[in-house]
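*Asks:* Sequence first, then the predicted structure:
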Amino acid sequence: MAAALAVRGLAKRYGSVEALAGVDLEVREGELVGLLGPNGAGKSTLVKIACGLVRASRGSAEICGLAAGSREARRSVGYLAELFRFPGWYSADEVLQLHQQLTASTGGANERHELLRLVGLADARGRRVEEMSKGMQQRLGVAQALIGSPPLLLLDEPTSALDPVGRRTVRELLEELRSRGISILLNSHLLSEIELVCDRVAILLRGRLVAEGSPAELARSRGVEIETDDGTRLFEGASREETPRLVGELVAAGRKVYGVRVLTSTLEETYLEAVGGETS
Amino acid sequence: MSSVLTIAGYGLREALRRKVFAVVLLLTVGFLVLFWLANHFLFQNIANISPPVGSGIDARAFAGATIFGLSMFGTLFLGVVLAIFLTLGVVRGDAERGLLQPLIVRPVGRVTLLVARWLGAVAVCAPYVGAVYVATMLITGLTGHWWPDHVVVPGVELAAAVAVVAALSLLGSVFLTSTANGIAVFMIFGAGLVAGLLGTVGHELSSHQLERAAKIAAWLLPFEALYQDGLRQLTSDTTGLTGFLLELGPFGGAYTGGNSVRLWAAAYLLLVIAVAAFGFTRRDL
């Protein structure tokens, strides 16, 4: 079974700027992968190549085994751009109807109603886009990406304009979509969001993949802190598995142990370490 | 085919929703009222035009053809304004505003999208030009009792000229920002008109160089050639001194015309759309 998204040696150059410098990445079926990186790391470029908005300079990108950007591949992709807009005079229902026509979706009114309900816009069905808040438009964008039930979703900052409640709605939606077997590549700056929902995280820096793994793998151990009658001792680099041995050695040495704390770095710390504090 | 209709409908709806369409309609009403007033006073005083006895000049035909020629220019100008404003931001402008990306990622080819947007613009502009053309013809005909020698062809050529300008504007939208594209297409339009007038002057002064320059310009910008040919068609059956004098005037008609210009205009249109499509398919968004 081909991966939902398979990117190999992907490179993109805009004039003298190298946006991507040979990236390998895979999003397997039903997997939710988070893409992290500072501004200008190449995240949006990767997503744009995957959905056919940008042509790669080198390497390949495939959607379900089909060349990214081809008409067949685009049938399998739902995309929400970081910066997007729908015509203000369209109602929410009409936006979805337009995209149903363009994808030749046969879902009809039921599909539109279901998607609007899914993103919490069931009551705004007839409301014009220009009368919607930015957050509502963003949720409508997510619904639009889901038209035609694509097996792969490419979401570029889908929660950037949402309030905490809206973010939770989208987060729950992502989890539900994953449970339905939909693969998702989520490009976001919100580390907490990525940490909460993603199966795997990829960190890009200056067009290169600098870290990849599950949030738990990336949030690795920083050491073990043991509080004794002789003060608190830090065993740097020690893992959780080493704790009983360390405690045993201290006790054998005549120390009284009052507390033990396994220190792990958060995804944020791992991220900052990977990008070296770079912001743009 | 259904994708073409969907995108064309999208463009059509956008055109009708935009304020520019309402503004053009308002300007059109103003233009038609002024045109009616001009016709009213011109033909009321037609007796004051007194050509030399025995010259054979038909004052009514001369006045009617001249003022209707003027309306042809006004109709072309309004149609071009509409065409440019409806197409100047179709690619780069819409991409910068984020309107294009959600459409482009759908399984609709970029060429399909571009052609459909052009069709959508033409579906607004061509009927508009046709309506204004018929309205002005009725005003002149009913007020001054003068009718063009050919009724249909000049109107069709005017609409085709606007369709060519719409294609040029669409081509510009692939490479230029909306503002730059608008300025560029208006300047091209102006250059075409000036070249046409130079051709008339050259004909009057028997300057072969000027006539040659105007001919080259007409071939490079065939919307101008179509407009000139439309003017020519208005009085193509008018003979004698009246016809000669009309040819000398600014709305007298072309020295480049006929089927060759029409065929070239059709080929040019296809070429412009093909270049636009090629540029669009290679453009990163």
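*Replies:* Thanks, I have it. Numbering: from 1, shown residues only, chains lettered A, B, ... in the order given.
*Asks:* ok, residues contacting stretch A:222-233?
*Replies:* With CB atoms under 8 Å, 6 or more residues apart in numbering or on different chains as the test, stretch A:222-233 has contacts from A:234-240, A:242-243, A:246-247, A:250, A:255-265. C-beta: built from backbone N, CA, C; applies to glycine.
*Asks:* Dump that stretch to PDB, keeping only the CA atoms.
*Replies:* The C-alpha coordinates for stretch A:222-233 follow below in PDB (Å, rounded to 0.1, in the frame of the first residue of the first chain):
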ATOM      1  CA  ARG A 222      17.200  14.800  30.300                       C
ATOM      2  CA  GLY A 223      18.200  12.900  33.400                       C
ATOM      3  CA  VAL A 224      17.100  11.900  36.900                       C
ATOM      4  CA  GLU A 225      17.000  14.100  39.900                       C
ATOM      5  CA  ILE A 226      17.200  12.400  43.300                       C
ATOM      6  CA  GLU A 227      16.600  14.100  46.600                       C
ATOM      7  CA  THR A 228      18.700  12.700  49.500                       C
ATOM      8  CA  ASP A 229      19.800  13.600  53.000                       C
ATOM      9  CA  ASP A 230      22.900  14.900  51.300                       C
ATOM     10  CA  GLY A 231      21.000  17.300  49.100                       C
ATOM     11  CA  THR A 232      19.600  16.900  45.500                       C
ATOM     12  CA  ARG A 233      21.700  15.100  43.000                       C
END
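*Asks:* So what's the gap between that stretch and the chain middle?
*Replies:* Relative to the centre of its chain, stretch A:222-233 is centred 37 Å away, using CA atoms, centre = their mean, to the nearest Å.
*Asks:* For it, which residues meet the burial criterion?
*Replies:* A:222, A:223, A:224, A:225, A:226, A:228 (16 or more other CB atoms under 10 Å in any protein chain shown).
*Asks:* hang on, the earlier thing: show me which of the contacts of stretch A:222-233 are buried.
*Replies:* The buried subset of the contacts of stretch A:222-233 - by 16+ other CB under 10 Å - is A:235, A:238, A:243, A:246, A:247, A:250, A:255, A:260, A:265.
*Asks:* Which of those sits closest to residue B:65?
*Replies:* Nearest to residue B:65 among the buried ones among the contacts of stretch A:222-233, counting by CB to CB, is residue A:265 at 86.1 Å.
*Asks:* how about the buried ones among the contacts of stretch A:222-233 in CSV, adding pLDDT, secondary structure and distance to chain B?
*Replies:* Shown next, in CSV, are the buried ones among the contacts of stretch A:222-233 (pLDDT from 0 to 100; DSSP: H, G, I helix; E, B strand; the rest coil; distance: CB to the nearest CB, whole Å):
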residue, pLDDT, secondary structure, distance to chain B
A:235, 87, strand, 51
A:238, 82, coil, 48
A:243, 88, helix, 50
A:246, 90, helix, 54
A:247, 91, helix, 56
A:250, 91, helix, 60
A:255, 89, coil, 63
A:260, 89, strand, 52
A:265, 69, coil, 36
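*Asks:* For the residues you listed, name the two members farthest from one another.
*Replies:* Pairwise distances across these peak at 26.8 Å for A:255 and A:265 (criterion: CB to CB).
*Asks:* Determine the number of other residues adjacent to residue B:205.
*Replies:* 10 (other CB atoms under 10 Å in any protein chain shown).
*Asks:* Relative to residue B:199, how far out is it?
*Replies:* 11 Å (CB to CB, to the nearest Å).
*Asks:* Tell me where the chain is predicted with low confidence.
*Replies:* Because you didn't say which chain, this covers chain A. Applying pLDDT under 70 to chain A flags residues A:1, A:221, A:265, A:277-280.
*Asks:* oops, chain B please
*Replies:* Short version for chain B, where the test is pLDDT under 70: B:1, B:18, B:49-57, B:236-257.
*Asks:* Around chain A, which positions in it sit nearby?
*Replies:* In this structure, chain B approaches chain A at residues B:2-3, B:6-7, B:10, B:13-14, B:17, B:97-99, B:101-109, B:282, B:284-285, judged by CB under 8 Å from any CB of the partner chain.
*Asks:* hang on, the earlier thing: of the buried residues of stretch A:222-233, closest to residue A:177?
*Replies:* Looking across the buried residues of stretch A:222-233 and measuring by CB to CB, the closest to residue A:177 is residue A:222, at 33.7 Å.
*Asks:* what's the helix or strand for that closest one?
*Replies:* strand A:221-228 (DSSP states H and E).
*Asks:* can you map out the helices along chain B?
*Replies:* B:2-17, B:19-44, B:59-87, B:92-97, B:101-104, B:110-144, B:152-175, B:178-204, B:208-220, B:222-234, B:240-248, B:259-281 (DSSP state H).
*Asks:* Chain A too?
*Replies:* A:43-51, A:71-75, A:92-103, A:108-118, A:134-145, A:164-179, A:191-197, A:215-218, A:243-252, A:267-275.
*Asks:* tell me the most buried of the ones you listed?
*Replies:* Stretch with highest mean neighbour count among these: helix A:43-51 (a mean of 26; mean count of other CB atoms under 10 Å in any protein chain shown).
*Asks:* How far away from the center of its chain is that helix?
*Replies:* That offset, for helix A:43-51, works out to 13 Å (CA atoms, centre = their mean).
*Asks:* And stretch B:272-285, by the same measure?
*Replies:* 24 Å.
*Asks:* Alpha carbons only: can I get it in CSV?
*Replies:* What follows is stretch B:272-285 as a C-alpha-only set of coordinates in CSV (Å, rounded to 0.1, in the frame of the first residue of the first chain):
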residue,chain,number,x,y,z
VAL,B,272,-2.6,35.0,-26.3
ILE,B,273,-4.6,32.4,-24.4
ALA,B,274,-2.0,29.7,-25.2
VAL,B,275,0.8,31.9,-23.9
ALA,B,276,-1.2,32.7,-20.8
ALA,B,277,-1.9,29.1,-20.2
PHE,B,278,1.7,28.1,-20.6
GLY,B,279,2.8,30.8,-18.2
PHE,B,280,0.1,29.8,-15.7
THR,B,281,1.0,26.1,-15.7
ARG,B,282,4.6,27.0,-14.9
ARG,B,283,3.8,29.5,-12.2
ASP,B,284,4.4,28.8,-8.5
LEU,B,285,1.5,30.0,-6.4
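*Asks:* mind listing what residue B:64 touches?
*Replies:* Neighbours of residue B:64 in contact, by CB under 8 Å, 6+ apart: B:140, B:144, B:146, B:147.
*Asks:* ok, it to residue B:43 distance?
*Replies:* Distance from residue B:64 to residue B:43, counting by CB to CB: 8 Å.
*Asks:* so what sits against both of the two?
*Replies:* Common neighbours of residue B:64 and residue B:43 (CB under 8 Å, 6+ apart) are residue B:144.
*Asks:* so how many other residues sit close to the residue lying closest to residue B:281 once chain neighbours are set aside?
*Replies:* Excluding its sequence neighbours, the residue lying closest to residue B:281 (CB to CB, 6 or more residues apart in numbering or on different chains) is residue B:110, at 5.1 Å. For residue B:110, the tally of surrounding residues (other CB under 10 Å) stands at 22.
*Asks:* and if you look at the one 10 residues further on?
*Replies:* Other residues near residue B:120 come to 25 when the count uses other CB under 10 Å.
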